[in-house]
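A.B. asks: Prediction below, plus the sequence it came from.
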Amino acid sequence: MTAINLPAVVAEVSVQFARYEQALVTNDVAVLDELFWNSPHTLRYGATENLYGADEIKAFRAARPAQGLDRVLLKTVITTYGQDMATANVEFQRVGSPRTGRQSQTWLRTPEGWRVVAAHVSLLTPPA
(Lines give C-alpha, C1' and ligand atoms only; values in the text may rest on other atoms or scores of the structure.)
Protein backbone atom coordinates (compact mmCIF):
# COMPACT_ATOMS: atom_id res chain seq x y z
CA MET A 1 0.00 0.00 0.00
CA THR A 2 1.26 3.47 -0.90
CA ALA A 3 1.93 5.75 2.05
CA ILE A 4 -0.32 8.80 1.94
CA ASN A 5 0.83 12.21 3.19
CA LEU A 6 4.27 11.36 4.50
CA PRO A 7 5.12 14.55 6.44
CA ALA A 8 8.49 15.14 4.75
CA VAL A 9 6.99 14.71 1.27
CA VAL A 10 4.04 16.99 2.07
CA ALA A 11 6.53 19.61 3.26
CA GLU A 12 8.58 19.34 0.04
CA VAL A 13 5.54 19.70 -2.21
CA SER A 14 4.13 22.51 -0.08
CA VAL A 15 7.33 24.52 -0.57
CA GLN A 16 7.17 24.06 -4.34
CA PHE A 17 3.46 24.87 -4.43
CA ALA A 18 4.15 28.10 -2.51
CA ARG A 19 6.87 28.97 -5.05
CA TYR A 20 4.39 28.35 -7.85
CA GLU A 21 1.70 30.50 -6.23
CA GLN A 22 4.14 33.39 -5.65
CA ALA A 23 5.38 33.14 -9.24
CA LEU A 24 1.80 33.04 -10.54
CA VAL A 25 0.63 36.23 -8.84
CA THR A 26 3.87 38.11 -9.67
CA ASN A 27 4.03 36.76 -13.25
CA ASP A 28 7.50 35.26 -12.70
CA VAL A 29 7.45 33.34 -15.96
CA ALA A 30 10.90 31.81 -15.41
CA VAL A 31 9.78 30.10 -12.20
CA LEU A 32 6.45 29.06 -13.71
CA ASP A 33 8.29 27.48 -16.64
CA GLU A 34 10.74 25.80 -14.26
CA LEU A 35 7.98 24.23 -12.19
CA PHE A 36 6.16 22.66 -15.13
CA TRP A 37 7.70 19.43 -16.41
CA ASN A 38 9.61 20.20 -19.61
CA SER A 39 7.96 17.44 -21.63
CA PRO A 40 5.61 17.04 -24.57
CA HIS A 41 3.49 14.92 -22.18
CA THR A 42 2.72 17.86 -19.85
CA LEU A 43 -0.71 19.40 -20.20
CA ARG A 44 -2.58 22.37 -18.85
CA TYR A 45 -6.30 22.89 -19.31
CA GLY A 46 -6.95 26.55 -18.56
CA ALA A 47 -10.11 28.55 -18.11
CA THR A 48 -10.07 29.41 -21.84
CA GLU A 49 -7.35 27.24 -23.41
CA ASN A 50 -6.13 23.67 -23.73
CA LEU A 51 -2.34 23.40 -23.84
CA TYR A 52 -0.46 20.25 -24.77
CA GLY A 53 3.25 20.00 -24.07
CA ALA A 54 5.71 22.28 -22.33
CA ASP A 55 6.26 24.40 -25.44
CA GLU A 56 2.57 25.39 -25.70
CA ILE A 57 2.44 26.11 -21.97
CA LYS A 58 5.56 28.31 -22.16
CA ALA A 59 4.18 30.22 -25.16
CA PHE A 60 0.91 30.84 -23.30
CA ARG A 61 2.74 32.13 -20.23
CA ALA A 62 4.96 34.42 -22.31
CA ALA A 63 1.93 36.00 -24.02
CA ARG A 64 -0.38 36.24 -21.00
CA PRO A 65 -1.14 39.74 -19.64
CA ALA A 66 0.63 40.45 -16.36
CA GLN A 67 -2.27 42.41 -14.82
CA GLY A 68 -5.12 41.10 -12.70
CA LEU A 69 -3.25 38.08 -11.36
CA ASP A 70 -3.80 38.70 -7.64
CA ARG A 71 -5.97 36.10 -6.00
CA VAL A 72 -6.93 34.77 -2.60
CA LEU A 73 -6.66 31.06 -1.90
CA LEU A 74 -9.88 29.95 -0.21
CA LYS A 75 -8.93 26.32 0.33
CA THR A 76 -5.79 24.34 -0.45
CA VAL A 77 -5.51 20.55 -0.30
CA ILE A 78 -2.13 18.92 -0.93
CA THR A 79 -2.05 15.14 -0.90
CA THR A 80 1.03 13.04 -1.50
CA TYR A 81 1.14 9.43 -2.67
CA GLY A 82 4.35 7.69 -1.71
CA GLN A 83 7.60 9.57 -2.25
CA ASP A 84 7.17 10.78 -5.82
CA MET A 85 3.59 11.82 -6.66
CA ALA A 86 1.28 14.50 -5.29
CA THR A 87 -1.79 16.54 -6.08
CA ALA A 88 -2.47 20.14 -5.14
CA ASN A 89 -6.03 21.42 -5.40
CA VAL A 90 -7.19 24.92 -4.57
CA GLU A 91 -10.28 27.04 -4.62
CA PHE A 92 -9.46 30.67 -5.27
CA GLN A 93 -11.01 34.02 -5.98
CA ARG A 94 -9.44 36.74 -8.11
CA VAL A 95 -9.33 40.10 -6.39
CA GLY A 96 -12.44 42.04 -7.47
CA SER A 97 -14.23 39.04 -9.00
CA PRO A 98 -17.30 37.28 -7.58
CA ARG A 99 -16.36 34.01 -9.33
CA THR A 100 -14.71 31.11 -7.55
CA GLY A 101 -11.93 29.37 -9.41
CA ARG A 102 -10.60 25.86 -9.08
CA GLN A 103 -7.09 24.70 -9.83
CA SER A 104 -5.82 21.13 -9.81
CA GLN A 105 -2.20 20.13 -10.28
CA THR A 106 -0.51 16.75 -10.43
CA TRP A 107 3.09 16.92 -9.24
CA LEU A 108 5.82 14.38 -9.96
CA ARG A 109 9.28 14.11 -8.44
CA THR A 110 11.70 14.22 -11.39
CA PRO A 111 15.51 14.23 -11.49
CA GLU A 112 15.23 18.07 -11.64
CA GLY A 113 12.88 18.23 -8.63
CA TRP A 114 9.11 18.45 -8.15
CA ARG A 115 7.30 19.41 -11.36
CA VAL A 116 3.69 19.89 -12.42
CA VAL A 117 2.86 17.27 -15.05
CA ALA A 118 -0.83 18.10 -15.45
CA ALA A 119 -2.94 21.09 -14.44
CA HIS A 120 -6.52 22.25 -14.79
CA VAL A 121 -8.07 25.65 -14.07
CA SER A 122 -11.78 26.42 -14.21
CA LEU A 123 -14.13 29.14 -13.01
CA LEU A 124 -17.57 28.65 -11.51
CA THR A 125 -20.45 30.89 -12.46
CA PRO A 126 -21.70 32.71 -9.36
CA PRO A 127 -25.19 31.72 -8.21
CA ALA A 128 -27.99 33.90 -9.61
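C.D. replies: Happy to help now that I have it. Note that this is a predicted model, so its numbers are computed, not measured.

A.B. asks: For the spatially most central residue of the chain, give its distance to A128.
C.D. replies: Centroid check for the chain by CA atoms, centre = their mean gives Q105 as the closest residue, at 4.8 Å. For Q105, the distance to A128 equals 30 Å [CB to CB, to the nearest Å]. Quick note: C-beta positions are derived from backbone N, CA and C, even for glycine.

A.B. asks: Next: D33.
C.D. replies: Taken as CB to CB, the span from D33 to A128 is 39 Å.

A.B. asks: Who has more neighbours out of those two?
C.D. replies: Ranked by neighbour count (other CB atoms under 10 Å), D33 and A128 place D33 first, with 15 against 3.

A.B. asks: Now A47: phi and psi?
C.D. replies: phi -70, psi -30 (degrees, to the nearest 10).

A.B. asks: so it touches G101, yeah?
C.D. replies: Yes - look at A47 against G101 with CB atoms under 8 Å: they come within range, at 7.4 Å.

A.B. asks: quick one: common contacting residues for these two?
C.D. replies: 121-123 (CB atoms under 8 Å, 6 or more residues apart in numbering).

A.B. asks: For A66, which non-adjacent residue is closest in space?
C.D. replies: N27 (4.1 Å; CB to CB, 6 or more residues apart in numbering).

A.B. asks: That neighbour - how many residues pack around it?
C.D. replies: The number of residues packed near N27 is 14, by other CB under 10 Å.

A.B. asks: Please tell me how far it sits from A54.
C.D. replies: Computed as CB to CB, the N27 to A54 distance reads 18 Å.

A.B. asks: Next: G68.
C.D. replies: Counting by CB to CB, the gap from G68 to A54 is 25 Å.
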